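Asks: Coordinates for the following, if possible.
(one chain, ligands or ions: 1)
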Amino acid sequence: DRSNLPAPCESLIYCHGPLLHTVQMAGLYNDSKTFVDKKMKSPANIILDNFQSMMNRTDYRPTKEQIRTFVDDNFDVEGSEFEEWQPLDWKHNPAFLQRIKDPLLLEWAKNLNELWLNLGRKMKDEVREHQDLYSIIYVDHPVIVPGGRFREFYYWDSYWIIKGLLLSEMHATATGMVTNFLDIVDKYGFIPNGGRIYYLMRSQPPLLIPMVKLLMEDIGDIDFLKRHIGTMDKEFDFWVKNHTVEVDYNGRKYQMTRYSEQSQGPRPESYKEDIDVARHFDTVDKKEELYAELKSAAESGWDFSSRWFILNGTNKGNLTNLKTRSIVPVDLNAFMCWNAQLMAEFHELLENFEKAKYYRMMHAKIKEAIEHVLWHEDVGAWLDYNLKSGRRRDYFYPTNIVPLWTGCYDVERSDYYVSRVINYLEKVKVDIFEGGIPTTLEHSGEQWDYPNAWPPLQYMMVMGLDNTRNDVAMRLASEMATKWVRSNFEVWKQKKAMLEKYDATIFGGFGGGGEYVVQKGFGWTNGVVMALLNLYGDTLYAADAFGDAPGQSGAVYGAHVGAGGIFTALLVVIASVAAGTLGLMVYRRRRDYAPLVGAEDLRVLGSARKPCTELKSLNGVSNTRQR
Ligand SMILES: OC[C@H]1O[C@H](O[C@H]2O[C@H](CO)[C@@H](O)[C@H](O)[C@H]2O)[C@H](O)[C@@H](O)[C@@H]1O
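Replies: The predicted model follows:
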């Protein structure tokens, strides 16, 4: 029974109540988030009175235009909480640029370094003084936002933003962002999904402690750690207390974590969208269950995805089949395992030995649960677990190998895990896609599904494989990184833009689907590309040995030609092999992009391709969600 739960926040303007319902259901804007990001022109009680007068005047049946006039009269334009701000610690030539040998990529990396200037936001003093007029959560230090409709901080995005900022040597901005998060944990007991009050009842993947680790590796300020370690304990506890579920597996019980939020009602920022899906259910209880699944999926960062669909034990279906709370995700448990390990390390450094012992115990327990419940030798990967059926979810997601990134497996047996994982990745043919690794292999129309490819997922795969220090895994990581960087660069060349997501099936293709149009900016995308350029910059080139980028390389070109072009394709393949050998000789230090693909792969590639309709959405034409 969810009827005793609170609303997403108390505000009768931004989180629940008749005003929010009337305005959001009127569909005034292409994007529902627009309204809840507006500043109030007067205090809430006056606006609520004005709303009541408008409803009385219109006999409770206001037209869309009357509602629009009410909003325009009572609210300012969205985004009015910020002032012009240039990060003071921004540098023209951070040292990591010197690692990039290709002049084209170097030029691009300089542009990426400049993008932080566009994405920096400082709140006006007026926000601190009159927080009640805004939905934004006031923080003391300026932040780097993702970009586009995402005008505020986002929890897990910030991990990759901070990674990039530190490469840009913007230590003060990065420290300020982490300090904001710590202040927020002190105030609210956890970090909300993003920096708005309507996100206050759900979080996002727990990466604060790894962010502190990034800072420690960079500035190594032990006093900072000492000052904030108690707050980090709080963040860890929040996840243990509110997200733990008991898993009964093969006669043993394990404490594992899953996404689960605890409020009533639809997401305020996607209010109409959620109510529309809830129409499929006939009772208030069933509608509330759906809202909980939607908000829990948003908490996972994967909103939305077939990963959270359960229909007759499969991942088919649509948003009405969301069962996020019934799935134990590999990545969340791997993050918790990593958090425990880092906390043990930090407490040891601070000589808090009792605490260190507690975290070592937590780390061992979580690692054991991951090994016993989620690892599958026959598959060669870790798989999400269905709490309802007690069965594994054997579907491909990049997160199936996240324990490699967080080091949550028996590293003494690293060779065994790596060989199984490599075998798995070969089996699922992750290397056949031209634009990156797809999020899933299900084409649901949701944004965390095929064919979209997301920056954090590429990063976790690449770094996970690279971390193993195994030659084959490291080569695969480098090939994945090369493909990703080149495809992002291709979009940059066309649009001078970095996107929040891309299309894995098209070299230089834009991501799409879901409930809003693909966004430009973009915080985590820039951070990931910078990190990959930093790691591979000495061997990574914008084009391969014969001047082709991946989409045009001989082998993949074969997939583009029709039946009539087979002869040409063969010639191109033969020429590619010859030139590739020559290229290898000439560019010994360079890592080659794509192995030749077989006939079966060409068929898959051909069918995977779809026209780049998302071009339209980038130009501002909305694409609708398939339900
Ligand atoms: O408004 C819809 C959803 O938008 C956000 O989710 C997406 O953008 C975030 C910022 O880049 C990202 O962290 C998340 O993974 C994306 O799916 C927001 O986080 C959601 O809560 C919201 O419902």
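Asks: how many neighbours does the residue of the stretch 351-500 of the chain found nearest the ligand have?
Replies: Closest residue of the stretch 351-500 of the chain to the ligand, Cβ to the nearest ligand atom: E500 (5.7 Å). From N, CA and C alone the C-beta is placed, and that goes for glycine too. A total of 25 residues lie near E500 under the criterion other Cβ atoms under 10 Å.
Asks: separation between it and V421?
Replies: Using Cβ to Cβ, to the nearest Å, E500 is found at 27 Å from V421.
Asks: Compute the number of surrounding residues for L387.
Replies: Neighbourhood size, L387 [other Cβ under 10 Å]: 18.
Asks: can you pull the contacts of it?
Replies: Contacts for L387 (Cβ atoms under 8 Å, 6 or more residues apart in numbering) come out as 245, 247, 258, 326-328.
Asks: need these in JSON lines with distance to K493, can you?
Replies: Putting the contacts of L387 into JSON lines (distance: Cβ to Cβ, whole Å) gives the following:
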{"residue": "V245", "distance to K493": "47"}
{"residue": "V247", "distance to K493": "48"}
{"residue": "R258", "distance to K493": "41"}
{"residue": "S326", "distance to K493": "44"}
{"residue": "I327", "distance to K493": "39"}
{"residue": "V328", "distance to K493": "42"}
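Asks: Just the buried ones from these, in PyMOL syntax?
Replies: Buried residues among those (16 or more other Cβ atoms under 10 Å), as a PyMOL selection:
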select buried, resi 247+258+326+327+328
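Asks: Buried residues in the longest helix seen in the chain, which are they?
Replies: Counting residues, the longest helix found in the chain (DSSP state H) is helix 471-495. Neighbour-count burial for helix 471-495 flags 473-474, 476-492 (criterion: 16+ other Cβ under 10 Å).
Asks: From the contact counts, what lies against it?
Replies: helix 103-119, helix 414-427, helix 455-467, strand 502-503, strand 509-510, helix 523-536 (3 or more Cβ pairs under 8 Å, 6 or more residues apart in numbering; DSSP states H and E).
Asks: what would the ones you listed look like in JSON lines with mean neighbour count, mean pLDDT and distance to M362?
Replies: Converted to JSON lines, these look like this (neighbours: other Cβ atoms under 10 Å; pLDDT from 0 to 100; distance: least, Cβ to Cβ, whole Å):
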{"stretch": "helix 103-119", "mean neighbour count": "17", "mean pLDDT": "98", "distance to M362": "35"}
{"stretch": "helix 414-427", "mean neighbour count": "17", "mean pLDDT": "97", "distance to M362": "22"}
{"stretch": "helix 455-467", "mean neighbour count": "23", "mean pLDDT": "98", "distance to M362": "22"}
{"stretch": "strand 502-503", "mean neighbour count": "30", "mean pLDDT": "98", "distance to M362": "36"}
{"stretch": "strand 509-510", "mean neighbour count": "27", "mean pLDDT": "97", "distance to M362": "41"}
{"stretch": "helix 523-536", "mean neighbour count": "25", "mean pLDDT": "98", "distance to M362": "28"}
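Asks: Need the ones you listed in CSV (columns: distance to the ligand).
Replies: Shown next, in CSV, are these (distance: least, Cβ to the nearest ligand atom, whole Å):
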stretch, distance to the ligand
helix 103-119, 12
helix 414-427, 24
helix 455-467, 8
strand 502-503, 14
strand 509-510, 15
helix 523-536, 7
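Asks: quick one, the longest helix of the chain and helix 455-467 angle?
Replies: Helix 471-495 runs at 150 degrees relative to helix 455-467, counting by axes from the mean of the first three to the mean of the last three Cα atoms, to 10 degrees.
Asks: and helix 471-495, what's its mean pLDDT?
Replies: For helix 471-495, mean pLDDT rounds to 98.
Asks: Equivalent analysis for stretch 192-207, please.
Replies: 98.
Asks: Show me the strands in the stretch 101-250 of the chain, by range?
Replies: Along the stretch 101-250 of the chain, counting by DSSP state E, counting those that start in this stretch, strands occupy 120-123, 143-144, 244-249.
Asks: Ok, which of those strands comes nearest the ligand?
Replies: strand 143-144 (12.0 Å).
Asks: Any chance you could list what contacts the strand or helix carrying I275?
Replies: Using DSSP states H and E, I275 sits within helix 271-278. Contacts to helix 271-278, defined as Cβ under 8 Å, 6+ apart, come from residues 20-21, 24-25, 27, 32, 266-267, 287, 290-291, 294, 319-320, 515, 625, 627.
Asks: Contacting the ligand as well, which ones from the residues you listed?
Replies: Restricting the contacts of helix 271-278 to those near the ligand by Cβ under 6 Å from any ligand atom leaves R267.
Asks: Now restrict the contacts of helix 271-278 to buried residues only.
Replies: Burial by neighbour count, 16+ other Cβ under 10 Å: within the contacts of helix 271-278 this picks out 20, 24, 32, 266-267, 287, 290-291, 294, 319-320, 515, 625.
Asks: Among these, which pair sits farthest apart?
Replies: Greatest spatial distance in those: L20 and T320, 23.1 Å, computed using Cβ to Cβ.
Asks: how about the buried ones among the contacts of helix 271-278 in a markdown table, adding secondary structure and distance to H141?
Replies: Output for those, formatted as a markdown table (DSSP: H, G, I helix; E, B strand; the rest coil; distance: Cβ to Cβ, whole Å):
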| residue | secondary structure | distance to H141 |
| --- | --- | --- |
| L20 | helix | 30 |
| Q24 | helix | 32 |
| S32 | coil | 29 |
| P266 | coil | 32 |
| R267 | coil | 27 |
| K287 | helix | 39 |
| L290 | helix | 37 |
| Y291 | helix | 33 |
| L294 | helix | 31 |
| L319 | helix | 37 |
| T320 | helix | 41 |
| E515 | coil | 31 |
| R625 | coil | 35 |
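Asks: In the stretch 151-300 of the chain, what residue comes closest to the ligand?
Replies: Counting by Cβ to the nearest ligand atom, the stretch 151-300 of the chain gets nearest the ligand through A298, at 3.5 Å.
Asks: Over to the stretch 301-450 of the chain?
Replies: Taking Cβ to the nearest ligand atom, the ligand has its nearest neighbour within the stretch 301-450 of the chain at G301, 3.8 Å off.
Asks: I'd like the average pLDDT over stretch 264-284.
Replies: So the average pLDDT for stretch 264-284 ends up being 98.
Asks: buried ones in it?
Replies: 264-271, 273-275, 277-278.
Asks: Sort out which one of those lies nearest W108 for me.
Replies: Distances from W108 to the buried residues of stretch 264-284, taken by Cβ to Cβ, are shortest for E269, at 32.8 Å.
Asks: Tell me which residues touch that closest one, please.
Replies: 32-33, 36-37, 196, 198-199 are the contacts of E269 under Cβ under 8 Å, 6+ apart.
Asks: close to the ligand, is the helix holding I275?
Replies: No: judged by Cβ under 6 Å from any ligand atom, helix 271-278 and the ligand are separated, with a smallest distance of 8.3 Å.
Asks: now that helix: how far from the chain's centre is it?
Replies: The chain centre lies 23 Å from the centre of helix 271-278; the measure is Cα atoms, centre = their mean, to the nearest Å.
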